[in-house]
Structure formats: C-alpha cells, structure tokens
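A.B. asks: Could you look at this predicted model? Sequence included:
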Amino acid sequence: MSVEVKNGLDIKKTIRELIKQHGTERAELIPIMQKINAAFGYISSEAIEELAILMNLPTNQIFTVATFYRMLSTEPRGKHVIQFCESAPCHVAGGRQVWLALQEALGIKSGQTSQDNKWTLLTTSCLGACGIGPVLVIDQDIYGNVQPQQVKNILSRYE
C-alpha cells in the first residue's frame, strides 16, 4: 500500500496530528477536512479511509461531507482555484462576458483544471458580493466589478 505524500507531508501522519489537535467529535470533521484539503489540494480516498478509522465514522458519511461542500474537493485541484459567480446580479452586470474571457484566457471550462495544474475554474451560485458584480475569487482574493478586459491582468498577478 502506498503512502500519499504531497509537499513533503504524509497523509496519515497529517491526519493523526489533526485528530490530536481537534479531537474525534463529529463537529470537528469539517475543520479537519478543510486543513487536509489545504495541505494536499484535495481529500483523497486514502484520507477519507483514515478519517473513518480515527473518527469512528462510516466512510460514506465522510465522502458525503467532502462532496457536499464546494470548499472541499475529492479531486486534485490546481495551484490556484478560481470561483466565478454566476448569479443573476453578476450576470446582469456583464458576468457572461467575463466568464467567456476567463475560459478563453485559461483554456479550460467550468470544473476543469489546466494541464499545467496551475488553475482550476469553478462556478458558484453566489459569493455574497452582489453589489460589486461581476465577482470572482482567486484563492482567497476577491475581485469585484470585473470587466472582460481586466481578466488577463488579474490572472497575471498569480504568475
């Protein structure tokens, strides 16, 4: 059986350390999963199995949580994750043109990761910033009132 390692981190060792910090209460599952997702870029099947053992929870419950929340992923994501708001206020403010410019600049569609693993492009129903639409979030950075011609400049900040 292989051990998953990313950025010099061993998944099982990382999970054991997180369990020591947070405990095994079900309420701690999401914070632990967020930290696993941040450290490894996603929550692997190996991570789900280890969590199930250490937290005494069924693997299907952990998988359900991992796939329910948009902030978590069970598939590897790019170094930078872009979330684009596709809600009505953003759409009315010109979101469609920004969305097309994003796809063209990155060469990927929604839910895809670029071949160089630099970008993952996601859509979301609302980012809670309707007053400054169109809105996109790259990692933790929020960009509002985005115009199509600004897309390449925004992306260049992550070179």
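C.D. replies: That came in fine, so what should we check first? Numbering: from 1, shown residues only.
A.B. asks: Point me to the helix or strand that includes Ala101.
C.D. replies: Element membership of Ala101 [criterion: DSSP states H and E] is helix 96-106.
A.B. asks: Give me the buried positions along stretch 132-147.
C.D. replies: Using 16 or more other Cβ atoms under 10 Å as the test for burial, stretch 132-147 gives Ile132, Gly133, Pro134, Val135, Leu136, Val137, Ile138, Tyr143, Gly144, Val146. (Each C-beta comes from the backbone N, C-alpha and C, glycine too.)
A.B. asks: any chance of those residues in TSV, with pLDDT and secondary structure too?
C.D. replies: TSV is the format used below for these (pLDDT from 0 to 100; DSSP: H, G, I helix; E, B strand; the rest coil):
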residue	pLDDT	secondary structure
Ile132	95	helix
Gly133	94	coil
Pro134	97	coil
Val135	96	coil
Leu136	95	strand
Val137	94	strand
Ile138	96	strand
Tyr143	97	strand
Gly144	96	coil
Val146	97	coil
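A.B. asks: What's the local residue count around Gln83?
C.D. replies: Gln83 is flanked by 19 other residues according to other Cβ atoms under 10 Å.
A.B. asks: Same check on Asp10?
C.D. replies: 13.
A.B. asks: hey, what's it bridged with?
C.D. replies: Judged by DSSP bridges, the bridge partners of Asp10 are Val5.
A.B. asks: how about the helices of this structure, start to end?
C.D. replies: Ranges of helices in the chain, per DSSP state H, are 11-22, 29-40, 45-55, 59-68, 88-90, 96-106, 151-156.
A.B. asks: want to try a markdown table for those, with distance to Gln115, mean neighbour count and mean pLDDT as columns?
C.D. replies: Formatted as a markdown table, the helices of the chain follow (distance: least, Cβ to Cβ, whole Å; neighbours: other Cβ atoms under 10 Å; pLDDT from 0 to 100):
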| stretch | distance to Gln115 | mean neighbour count | mean pLDDT |
| --- | --- | --- | --- |
| helix 11-22 | 25 | 16 | 96 |
| helix 29-40 | 20 | 18 | 93 |
| helix 45-55 | 23 | 18 | 96 |
| helix 59-68 | 24 | 15 | 95 |
| helix 88-90 | 28 | 18 | 91 |
| helix 96-106 | 10 | 18 | 97 |
| helix 151-156 | 16 | 14 | 98 |
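A.B. asks: quick one, which of those is nearest to Gly128?
C.D. replies: helix 88-90 (10.9 Å; Cβ to Cβ).
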